[in-house]
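>>> requesting a structural model of the entry that follows:
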Amino acid sequence: MWPTATGDLTGVDAQSGSRITAGALNNPLIYERGRCRRHGHATDYRLRTHTNLISSANYAAKAENQNAVATKEQILLAVNKAFYNALQAHAVLTVAQQTVNERQTVTNQVEALSRAN
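You can find the predicted model right below:
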C-alpha cells in the first residue's frame, strides 16, 4: 500500500539559429535557446489499486455475509412453513378421526335400534 513516484527530466540546448530544441520545433525569436522540460509526477496507482482491491474484497465479504443471513432466513422460513404444515395436517387428521368415531357411534346406534326393532 505504498505509493510509487515516477518522473523524468529532459534538458536540451539548441544551436544558434536552429528551429529544433527539446524535441519540438520552435521559433528562436520567441523561445529562449536553452530549454529544460521537466516532467515529474508522483503516482499512487498501486495505492489506488490496492485500495480498490481491499474495498472490493470488503464489499464481497459483506455481500457474502448478507447472503449467509438471507440463506439462514430462508431456511428458518422453510422450517416454520414445514412445522405449520405439519400442525395443519395433524389437525386435519384429528378432525378426520373424530368424524370416523362419530359416524361409528351413529352406525352402532342404528344397528342397536335395528336389533331392538
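>>> pLDDT weak spots in this structure?
Low-confidence segments of the chain (pLDDT under 70): 1-48.
>>> at 50 instead, please
Applying pLDDT under 50 to the chain flags the ranges 30-44.
>>> and stretch 101-114, C-alpha only, in CSV?
Extracted in CSV, the C-alpha atoms of stretch 101-114 (Å, rounded to 0.1, in the frame of the first residue of the first chain):
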residue,chain,number,x,y,z
ASN,A,101,-65.6,-42.0,15.6
GLU,A,102,-68.8,-40.0,15.4
ARG,A,103,-70.0,-42.0,12.3
GLN,A,104,-69.1,-45.2,14.1
THR,A,105,-71.2,-44.1,17.0
VAL,A,106,-74.2,-43.4,14.7
THR,A,107,-73.7,-46.7,13.0
ASN,A,108,-73.6,-48.5,16.4
GLN,A,109,-76.8,-46.7,17.5
VAL,A,110,-78.6,-47.6,14.2
GLU,A,111,-77.5,-51.2,14.5
ALA,A,112,-78.8,-51.3,18.1
LEU,A,113,-82.1,-49.8,17.1
SER,A,114,-82.4,-52.3,14.2
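>>> okay, buried residues for that stretch please.
Within stretch 101-114, no residue counts as buried by 16 or more other C-beta atoms under 10 Å. Quick note: C-beta positions are derived from backbone N, CA and C, even for glycine.
>>> and the helices in this structure?
With DSSP state H as the criterion, the chain has helices at 45-116.
>>> for stretch 69-89, buried residues please.
For stretch 69-89, the neighbour count (16+ other C-beta under 10 Å) marks no residue as buried.
>>> what does that stretch contact?
The contact list for stretch 69-89, computed with C-beta atoms under 8 Å, 6 or more residues apart in numbering, is empty.
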